[in-house]
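1. what follows is a predicted structure for the sequence shown.
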Amino acid sequence: MIKGKEDITDEEYEEKLIPLNINFKNYMIKFIIPEAFAFQLANSYHRDCLCDATFEQHFHSMCDVFNGFHDSIIDISSKTFDILKIKYNLVIIDDSPVKLEKWQ
């Protein structure tokens, strides 16, 4: 069992820490990152400070905050679009550069 300051065995690493890290990454991708990304885009839009960058550039800038979630843009994009529409009443009308408008 992982306790104290002792090193862990390879078996403990594979059985306990790898699944823990996978679960954490899946949670971040499913719940946290899409919400944060949608908030960032909506907040920038409402404050009239959405810079002329592509959707992918905005995504990578936001992911820098989370350190290492750059490999999941496809999963995060669709959830972000849904959150923008449902929560912020916005849709992306162009992605290069990103342009948002109120959803009708």
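-> Ah, there it is. Residues are numbered from 1 along each chain as shown.

2. mind listing the strands for the protein?
-> 90-95, 98-102 (DSSP state E).

3. list the strands paired with the first one, with their directions.
-> This points to strand 90-95. If you go by DSSP bridges, strand 90-95 pairs up with strand 98-102 (antiparallel).

4. in CSV, list the C-alpha atoms belonging to the strand it pairs with.
-> The C-alpha trace of strand 98-102 is given here as CSV (Å, rounded to 0.1, in the frame of the first residue of the first chain):
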residue,chain,number,x,y,z
VAL,A,98,-12.9,32.4,-33.7
LYS,A,99,-16.1,34.4,-34.0
LEU,A,100,-19.0,34.0,-31.7
GLU,A,101,-22.5,35.3,-31.8
LYS,A,102,-25.6,35.0,-29.7
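
5. in it, which residues are buried?
-> For strand 98-102, the neighbour count (16 or more other Cβ atoms under 10 Å) marks 98, 100 as buried. Any C-beta I mention is one placed from the backbone N, CA and C, and that applies to glycine too.

6. related to what we said a few turns ago, between the strands of the chain, which one is closest to residue 51.
-> Among those, strand 98-102 comes nearest to residue 51, with 8.6 Å by Cβ to Cβ.

7. neighbouring contacts of the closest one?
-> Defining contact as Cβ atoms under 8 Å, 6 or more residues apart in numbering, one finds that strand 98-102 is touched by 41-42, 45, 50, 53-55, 58, 84, 89-93.

8. now the strands of the chain in a markdown table, with mean pLDDT and distance to residue 34?
-> Below are these laid out as a markdown table (pLDDT from 0 to 100; distance: least, Cβ to Cβ, whole Å):
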| stretch | mean pLDDT | distance to residue 34 |
| --- | --- | --- |
| strand 90-95 | 94 | 13 |
| strand 98-102 | 95 | 15 |
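
9. among the contacts of strand 98-102, which ones are in helices?
-> Counting by DSSP state H, the contacts of strand 98-102 place 41, 42, 45, 55, 58, 84 in helices.

10. and those, which two are the farthest apart?
-> Maximum pairwise distance in the ones in helices among the contacts of strand 98-102, criterion Cβ to Cβ, is 13.9 Å, between 42 and 55.
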